[in-house]
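Colleague: got a predicted structure plus its sequence, pasted below:
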Amino acid sequence: MGIDIATRLKEIKMVGGPGRNFPWPPTIIWLPAVAVLLLVLLPLAYLALRTMGAGSDLWGLLFRPRIFQILVRTVLLVVAVSGVSLAVSLPLAWLTTRTDLPLRRVWAVLTALPLVMPSYVAGFVVIAAFGPRGMLQQLLAGTFGLERLPEIYGFPGALLAIAMISYPYTLLTLQASIRGLDYSLEEASLSLGNNGWKTFRRVVLPQLRPAIATSTLLVALYALKDFGAVSLMRYETFTWAIYIQYQTSFDRVLAAGLSTVLVIVAIIILFIEAYTRGTAKYHRVTVGIARQPVYRRLGAWRWPSLVFCSLVVLLTTVLPISVLLYWLIRAMVVGERFDIAWSPALNSGYVSLLAALVTVVAALPVAILAVRFPGRMSSFLERTTYIGFALPGIVIALALVFFGANYAIVFYQTLVFLVLAYMILFLPEAVGALRSSLLQINPRLEEAARTMGRTPWQTLRSITIPLMRSGILVGAALVFLTTMKELPATLLLSPIGFRTLAASIWSYTSEGFFARAAVPALLLMLLSSVPMAFMVIRERRGKIE
């Protein structure tokens, strides 16, 4: 009888009632998933329409020397930021997870905090601290009589600003991967006479290859689509060139052409990541229990390691907060009057909550389809969600502006289009969190509910969603965090009079009003720290349990 029931459950596959075998998922799953797919493909459809309608003139514009120079600048920045992030994150991840570094949990939290800081705030901090007449120059002027520092604008400033806030993407991924390694492999290597460095290079590093490839991909795409830092640093990349073209020209054809080139660069990066990741397997192939790691003694390397961690935290966390507080106190001392940005803060929190809710709802059918109904269609749909993450907000905004002005005027310049842009941009974050949570749920629980006569919707509502609660909360927190920081889509799609913290900071910093930018920047970091703190506390609680 037990074998018959198990066979019966396998035939049902949670998509039909007793005695039915459906090759397709239920309508409540595939229909919303296809609708999400169409929305995600909207930017590509816009780019295709624009570029095809331009004819041969567009290609003449794109093959100009200036466009090639922008391409070289963009690629150079992407490669440099990715390399610096990996060089900083790999030793940090190892020190905070597998050594006896003092207060390693505290260092793990502090080194991850820059993730809550937007790139335009980082750009503002770099200019204020290391500019020709910034805080460092003022400090050195009294001691050494230095009147002016070298220019920080351009590539050096853009590299520093983006790298100091993007490396946590690599750090968090590597930390999670290192925690999941089986120590028995390292133990076997050590027993064969290999020292610690050879063991790390020959055993540990190859196992980290997928994590390095994936996290470097995220950093590369982040650097590729960044707008805030490169605009403040006056370093012309494709994202900034697209924005300038959009703002200064009535003809959007060149902007669409530049966006198409950006899409091609993003696709090339995705292919490089897939090739780098490889097809090797990285899990155990025999039955057994993974050995818990043994924390290595740093010995003589303890103090250099503490200095390294301190310098990273000083540059990426202490310095930004100090600069913002300095400009705020300076303005208060001279009696400058400014209003606390309560209205932009409320607007940012409100629209971020809406975006988190809508994105999680949109990600739910995609994650269920990918996990419970694997196949070519579900795999294609899940991978397509990365299109939004690979494109800068300016491209998504341009697509929605075009379709809103021509086909959906009723929603044009409303919060509907703004939230929709956030959903397209940050859908992969929610899909990833929900997918990981769903993989840990035994499908037999859902199959059992179906054998009792529950409909797909009832099963989803009473079984699947409650069990996915942890992944839903994490996905919503990630979307909330990134929505608070998004700038290009916010600038182009916000309704008239709807001002957010991101728009306020960029407006003040682009005009050089650093003191006025300090208040909304501190508010933004404070509000963004809430979901970050939630994820950190949850991770630590998971370790204790």
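Modeller: It's in.
Colleague: pLDDT weak spots in the stretch 1-150 of the chain?
Modeller: 1-24, 53-61, 142 (pLDDT under 70).
Colleague: try 50 this time
Modeller: Along the stretch 1-150 of the chain, segments meeting pLDDT under 50 span 1-23.
Colleague: check the stretch 201-350 of the chain too.
Modeller: 279-290.
Colleague: in it, which spans are helices?
Modeller: 205-207, 209-225, 228-232, 238-248, 253-277, 302-313, 319-333, 342-372 (DSSP state H, counting those that start in this stretch).
Colleague: among the ones you listed, which is the most enclosed?
Modeller: Ranked by mean neighbour count, the helices of the stretch 201-350 of the chain are led by helix 228-232 with a mean of 27 (mean count of other C-beta atoms under 10 Å). C-beta here means a position set from N, CA and C on the backbone, and glycine is covered the same way.
Colleague: domain parsing of this protein, as residue ranges.
Modeller: When the chain is parsed with automatic domain parsing, its domains come out as 26-49+338-545, 64-334.
Colleague: okay if I get the helices of the stretch 201-350 of the chain as CSV plus distance to residue 165?
Modeller: Shown next, in CSV, are these (distance: least, C-beta to C-beta, whole Å):
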stretch, distance to residue 165
helix 205-207, 26
helix 209-225, 9
helix 228-232, 8
helix 238-248, 16
helix 253-277, 19
helix 302-313, 12
helix 319-333, 9
helix 342-372, 18
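Colleague: residue 137: which of the ones you listed is closest?
Modeller: Closest approach to residue 137 among the helices of the stretch 201-350 of the chain (C-beta to C-beta): helix 319-333, 13.5 Å.
Colleague: what are the contacting residues of that closest one?
Modeller: Contact with helix 319-333 is made by 114, 117, 121-122, 124-125, 128-129, 135, 338, 514-519, 521-522, 525, as judged by C-beta atoms under 8 Å, 6 or more residues apart in numbering.
Colleague: closest to residue 387 out of the helices of the stretch 201-350 of the chain?
Modeller: helix 253-277 (8.3 Å).
Colleague: mean neighbour count, the domains of the chain: which tops it?
Modeller: domain 26-49+338-545 (a mean of 19).
Colleague: centre of the chain to it, how far?
Modeller: 11 Å (C-alpha atoms, centre = their mean, to the nearest Å).
Colleague: how far away is residue 365 from residue 354?
Modeller: 19 Å (C-beta to C-beta, to the nearest Å).
Colleague: no no, residue 379
Modeller: Taken as C-beta to C-beta, the span from residue 379 to residue 354 is 30 Å.
Colleague: same thing with residue 522?
Modeller: 24 Å.
Colleague: can you give me the pLDDT of residue 415?
Modeller: pLDDT recorded at residue 415 is 87.
Colleague: could you do residue 391 as well?
Modeller: Turning to residue 391, the model gives it a pLDDT of 75.
Colleague: I figured residue 233 hits residue 158, correct?
Modeller: Yes - here residue 233 reaches residue 158: they are 4.4 Å apart, a contact under C-beta atoms under 8 Å.
Colleague: identify the contacts common to these two.
Modeller: Contact criterion C-beta under 8 Å, 6+ apart; residues shared by residue 233 and residue 158: residue 123.
Colleague: what segments of this structure are strands?
Modeller: Assigned by DSSP state E, the chain shows no strands.
Colleague: got a list of what the residue lying closest to residue 95 once chain neighbours are set aside touches?
Modeller: Closest residue in space to residue 95, ignoring its immediate chain neighbours: residue 101 at 4.9 Å, by C-beta to C-beta, 6 or more residues apart in numbering. Residues in contact with residue 101 (C-beta under 8 Å, 6+ apart) are 95, 107, 298, 302, 305, 306, 309.
Colleague: export those residues as JSON lines, with columns for distance to residue 84.
Modeller: Formatted as JSON lines, these follow (distance: C-beta to C-beta, whole Å):
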{"residue": "95", "distance to residue 84": "17"}
{"residue": "107", "distance to residue 84": "19"}
{"residue": "298", "distance to residue 84": "24"}
{"residue": "302", "distance to residue 84": "25"}
{"residue": "305", "distance to residue 84": "19"}
{"residue": "306", "distance to residue 84": "21"}
{"residue": "309", "distance to residue 84": "16"}
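Colleague: tell me the one among those nearest to residue 347.
Modeller: Ranked by distance to residue 347 (C-beta to C-beta), these are led by residue 107 at 35.0 Å.
Colleague: what about the closest one, distance to residue 314?
Modeller: 12 Å.
Colleague: what sits against the closest residue to residue 355 other than its chain neighbours?
Modeller: Using C-beta to C-beta, 6+ apart and skipping residues adjacent in sequence, the residue nearest residue 355 is residue 422, 3.7 Å away. Counting by C-beta under 8 Å, 6+ apart, residue 422 touches 351, 352, 355, 358, 359, 479, 483, 486, 489.
Colleague: let's see the pLDDT reported for the last one.
Modeller: Looking at residue 489, its pLDDT stands at 84.
Colleague: tell me if I'm right that it and residue 426 touch.
Modeller: No - at 10.3 Å, residue 489 does not count as touching residue 426 under the criterion of C-beta under 8 Å.
Colleague: elements contacting the top helix by length along the chain?
Modeller: Ranked by residue count under DSSP state H, the longest helix found in the chain is helix 65-98. If you count contacts as 3 or more C-beta pairs under 8 Å, 6 or more residues apart in numbering; DSSP states H and E, helix 65-98 packs onto helix 104-112, helix 155-179, helix 209-225, helix 238-248, helix 253-277, helix 302-313.
Colleague: kindly recompute the last result at 6 Å.
Modeller: Judged by 3 or more C-beta pairs under 6 Å, 6 or more residues apart in numbering; DSSP states H and E, helix 65-98 is in contact with helix 104-112, helix 155-179, helix 209-225, helix 238-248.
Colleague: what distance do you get for residue 417 to residue 156?
Modeller: 37 Å.
Colleague: what do you get for residue 136?
Modeller: Relative to residue 156, and taking C-beta to C-beta, residue 136 is found at 14 Å.
Colleague: again with residue 407
Modeller: Taking C-beta to C-beta as the measure, residue 407 and residue 156 are separated by 44 Å.
Colleague: what's near enough to touch residue 111?
Modeller: Contacts were defined as C-beta atoms under 6 Å, 6 or more residues apart in numbering; by that measure residue 111 touches 92, 312.
Colleague: what do you get for residue 120?
Modeller: Residues counted as contacts of residue 120 (C-beta under 6 Å, 6+ apart) are 228, 506.
Colleague: tell me the confidence at the residue nearest to residue 355?
Modeller: 92.
Colleague: residue 459 now?
Modeller: As predicted, residue 459 sits at a pLDDT of 69.
Colleague: now residue 160
Modeller: So residue 160 comes in at 92 (pLDDT).
Colleague: looks like it contacts residue 125 (just checking).
Modeller: No - the pair residue 160 / residue 125 is not scored as a contact, 9.6 Å apart, by C-beta atoms under 6 Å.
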